[in-house]
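>>> generate coordinates for the sequence data below:
(one chain, ligands or ions: 1)
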Amino acid sequence: MAFVRVCALGDLEEDTPKLVEVDSTPVSVVRTGGEVFAINDICSHANVSLSEGEVEDCQIECWLHGSSFDLRTGKPSGLPATRPVPVYPVQIQGDDVLVSVTQES
Ligand code: FES
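Modelled structure (predicted):
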């Protein structure tokens, strides 16, 4: 599992998603509640960037139709999305945030 540095921890504002690219995969990195999560940036319902949505209660909301996805599991909490979005493991090393997209969880 190859971890890639995506940004500095200090670059992440609480509950403000940051869009990064890891091995050509668009990933939304979210710092919330003292933890950092990485979720694929594309909504499973349509081709919409999740990093443009809002974060609340460890979920990221798709701005187009309102499905929210759990940042820990990628599962949608409600319609219209029915399929989960891939989530990725995150490592914090000092002030560096690293993400691996080689093994989806
Ligand atoms: S495009 Fe995301 S819920 Fe429809």
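
>>> which bits of the protein sit near the ligand?
Contact residues, the chain versus the ligand (C-beta under 6 Å from any ligand atom): 43, 45, 46, 48, 62, 64, 65, 67, 80, 81. From N, CA and C alone the C-beta is placed, and that goes for glycine too.

>>> tell me how many other residues surround the first one.
Residues lying near residue 43 (other C-beta atoms under 10 Å) number 24.

>>> low pLDDT regions in the chain?
Within the chain, the stretches with pLDDT under 70 are 103-105.

>>> if I look at the residue most central in space within it, how far off is the ligand?
Closest to where the C-alpha atoms of the chain average out (C-alpha atoms, centre = their mean) is residue 39, at 2.6 Å. Applying C-beta to the nearest ligand atom, to the nearest Å, the value for residue 39 to the ligand is 13 Å.

>>> return the residues in contact with that residue.
By C-beta atoms under 8 Å, 6 or more residues apart in numbering, the residues touching residue 39 are 27, 28, 30, 50, 60, 69, 71, 74, 85, 86, 87, 88.

>>> in CSV, list those residues along with secondary structure and neighbour count.
Output for the contacts of residue 39, formatted as CSV (DSSP: H, G, I helix; E, B strand; the rest coil; neighbours: other C-beta atoms under 10 Å):
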residue, secondary structure, neighbour count
27, strand, 27
28, strand, 25
30, strand, 26
50, helix, 28
60, strand, 28
69, strand, 26
71, coil, 24
74, coil, 20
85, coil, 25
86, coil, 15
87, strand, 21
88, strand, 23
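
>>> still on that earlier bit, okay, and the residue nearest to the centre of the chain sits in which element?
Remark: residue 39 resides in strand 35-40, with elements defined by DSSP states H and E.

>>> CA atoms only: put that strand into CSV for me.
Taking Å, rounded to 0.1, in the frame of the first residue of the first chain, the C-alpha atoms of strand 35-40 are listed here in CSV:
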residue,chain,number,x,y,z
GLU,A,35,-9.4,13.3,12.5
VAL,A,36,-8.6,13.3,8.9
PHE,A,37,-10.5,11.3,6.3
ALA,A,38,-10.0,10.6,2.6
ILE,A,39,-12.9,9.8,0.3
ASN,A,40,-13.2,9.5,-3.5
